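Student: Show me the folded form of this:
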Amino acid sequence: MSDNYLEWIESRIHDKKHFTARYLAHLSDLSRIEVTTLASIICGILFIILTFCDQAHFFANSILIGIPFLLVFCFPEEKPNEESLYIYFPIFGAITLFDRNLEWIPFYYVLKMVLFLCFFMPPFTFYQRIYEVLSKDPQQENTIECRSSQLKSVSTAREISTKTALSNTLNSPKSPLITSSRRNANDIKTDVTQRTDVSSPMKTPSTPKNSDVKVTIIEEYYREEELLSPNGSVIERVVSGPFRKETTTTEKKKYK
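Tutor: The predicted model follows:
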């Protein structure tokens, strides 16, 4: 977890494919200060402003709004996917409405900045987890669970009825098996003849010539999602599942 976190931060400081690294390199050339030291100084100044300045509300929200707009309009090749922005801005707006009520929390605006940073920073990537929760269909899952429970109850009832019918047949005093066992060994031929004449208590249902057949197809699949960096490399891969999908159709079957 810590390795992914540090790699993500170092790429924003040193990898010049990100606009933050390019600006830090430019400031480093002007001030002749090492890039890592310059980034630490900027973070320290920002921490002091967000903690002790009376305008911390303005600075924090300006940064949280300005950076996404820079990525969308000035550096579109570095912007995150649209799904993340659809989740980011509504949550940002909802929390910002209560800023004045939550300022009593120590380091509130620093914590707010860290929270929205974790929306895109691995291994957290909060936007992806929120999207997975929102994309699930609870109604479909409940339907699958209900159908599976119904299938289990039907199979259990059939097993119980079959066992009951067999036990009643074997325990019946008129059963040919019991009748033959009570007789002497000399009457075996008569017993066999008598057993063949007795009709079976299990009635065989007649099969209609035309009938409807209900066919249920159950498919099981997995869902794999990959978090890609702006250059196309895979940052994180998430495999969720298994998921079940049922398809029910009715077909007409003809018997000869």
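Student: Break this protein into its domains for me.
Tutor: For the chain, the domain assignment from automatic domain parsing gives the residue ranges 2-135, 137-151+210-250.
Student: I'd like the mean pLDDT over stretch 81-101, please.
Tutor: Average pLDDT, stretch 81-101: 89.
Student: now do stretch 62-74
Tutor: 91.
Student: So for it, what gets flagged as buried?
Tutor: Within stretch 62-74, the residues scored as buried using 16 or more other CB atoms under 10 Å are 64, 68, 71. Just so you know, the C-beta spots here come from the backbone N, C-alpha and C atoms, and that holds for glycine as well.
Student: Residues touching it, excluding its own?
Tutor: Stretch 62-74 has contacts (CB atoms under 8 Å, 6 or more residues apart in numbering) with 19, 78, 79, 80, 85, 88, 89, 92, 112, 113, 116.
Student: same thing but 10 Å
Tutor: 18-20, 46, 50, 55, 77-80, 82, 84-85, 88-89, 92-93, 95-96, 109, 112-113, 115-117, 120, 230 (CB atoms under 10 Å, 6 or more residues apart in numbering).
Student: quick revisit: mind checking which of the buried residues of stretch 62-74 land in helices?
Tutor: Cross-referencing the buried residues of stretch 62-74 against helices under DSSP state H gives 64, 68.
Student: got the phi/psi numbers for residue 107?
Tutor: Phi and psi for residue 107, reported as degrees, to the nearest 10, are phi 60, psi 40.
Student: my read: it touches residue 50, true?
Tutor: Yes - judged on CB atoms under 10 Å, residue 107 makes contact with residue 50 at a distance of 7.6 Å.
Student: Report the set of residues contacting both of the two.
Tutor: Counting by CB under 10 Å, 6+ apart, the residues touching both residue 107 and residue 50 are 56, 113.
Student: neighbour count winner among these two?
Tutor: In this view residue 107 and residue 50 are compared by other CB atoms under 10 Å, and residue 50 has more residues nearby, 21 against 13.
Student: ok, the more buried one - contacts?
Tutor: Taking CB under 10 Å, 6+ apart as the criterion, residue 50 is in contact with 56, 57, 59, 60, 63, 107, 108, 109, 110, 111, 112, 113.
Student: which among those gets closest to residue 251?
Tutor: residue 112 (58.9 Å; CB to CB).
Student: so which helix or strand takes in that closest one?
Tutor: helix 108-117 (DSSP states H and E).
Student: Can you spell out which helices and strands pack onto that helix?
Tutor: Using 3 or more CB pairs under 10 Å, 6 or more residues apart in numbering; DSSP states H and E, the elements in contact with helix 108-117 are helix 35-52, helix 56-69, helix 82-96, helix 99-102, helix 126-135.
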